[in-house]
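1. below is the sequence, then the predicted model.
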Amino acid sequence: MSTITIHKPKLILTGVAVRTTNEAEAGPDGQLAKLWETYFQSNLGSVAGIKNPHYIYALYTDYESDANGAYTVVIGHELSSDTALGNANHVVAVVPESKYMVFTTKKGPVYEVVAETWHEIWAYFKESEEVRTYTGDFELYDARDFDPANTELQIYIAIQ
């Protein structure tokens, strides 16, 4: 796992959403796999106003507290402007301008490398000088070269 620190402007995303916790996702009541199914069935990338439809975001936002509390996950795409709101079946989420620590996963099966990298992220921030802001973290997937059996992606963590 490698990391860099960057600054990103505000993002406006639209997609499908669910509210969950890490505890729920670790057990049989996890909702994220079903949310991904809903996203893939939605044909969201073809909605008017989508910017760079090949980039898929999995946004973690509206944190109740920290990594132990409830949060909302939005899977979708960046809008070209805040006036292009997609349609009524999709939520809109604003990710504030922020400094991010970007973690790049190793290559491998998508569900394995994502879960492994999140565990590494949680462990990292228990000991690090950097402080998470919990204002909006996201996984960024590039659908142009996406191979679920052998993928590499970036996870952006908002920091102070």
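-> On my side now, so go ahead.

2. how about the residue nearest to residue 156 when sequence neighbours are not counted, phi and psi?
-> Ranked by Cβ to Cβ, 6 or more residues apart in numbering and with sequence neighbours excluded, the top spatial neighbour of residue 156 is residue 100, at 4.3 Å. In short, each C-beta sits where N, CA and C put it, glycine included. When quoted as degrees, to the nearest 10, the phi and psi of residue 100 stand at phi -130, psi 140.

3. show me the contacts for residue 100.
-> 5-8, 156-159 (Cβ atoms under 8 Å, 6 or more residues apart in numbering).

4. just the buried ones from those?
-> Using 16 or more other Cβ atoms under 10 Å as the burial test, the contacts of residue 100 include 8, 156-159 as buried.

5. hang on, the earlier thing: gap between the residue nearest to residue 156 and residue 11?
-> Residue 100 is 11 Å from residue 11, where distance means Cβ to Cβ, to the nearest Å.

6. go on, residue 29?
-> Distance of residue 29 to residue 11, given as Cβ to Cβ: 29 Å.

7. distance from stretch 27-42 to the middle of the chain?
-> In terms of Cα atoms, centre = their mean, to the nearest Å, the centre of stretch 27-42 is found 14 Å from the chain centre.

8. pull out the buried residues from the longest helix seen in the chain.
-> Criterion DSSP state H: the longest helix present in the chain is helix 110-127. Across helix 110-127, burial judged by 16+ other Cβ under 10 Å covers 110, 113-114, 117-118, 121, 124-125.

9. now distance to residue 53 and pLDDT too, for those residues, in a markdown table please.
-> Formatted as a markdown table, those follow (distance: Cβ to Cβ, whole Å; pLDDT from 0 to 100):
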| residue | distance to residue 53 | pLDDT |
| --- | --- | --- |
| 110 | 19 | 93 |
| 113 | 23 | 95 |
| 114 | 21 | 94 |
| 117 | 24 | 96 |
| 118 | 25 | 95 |
| 121 | 27 | 96 |
| 124 | 32 | 95 |
| 125 | 32 | 95 |
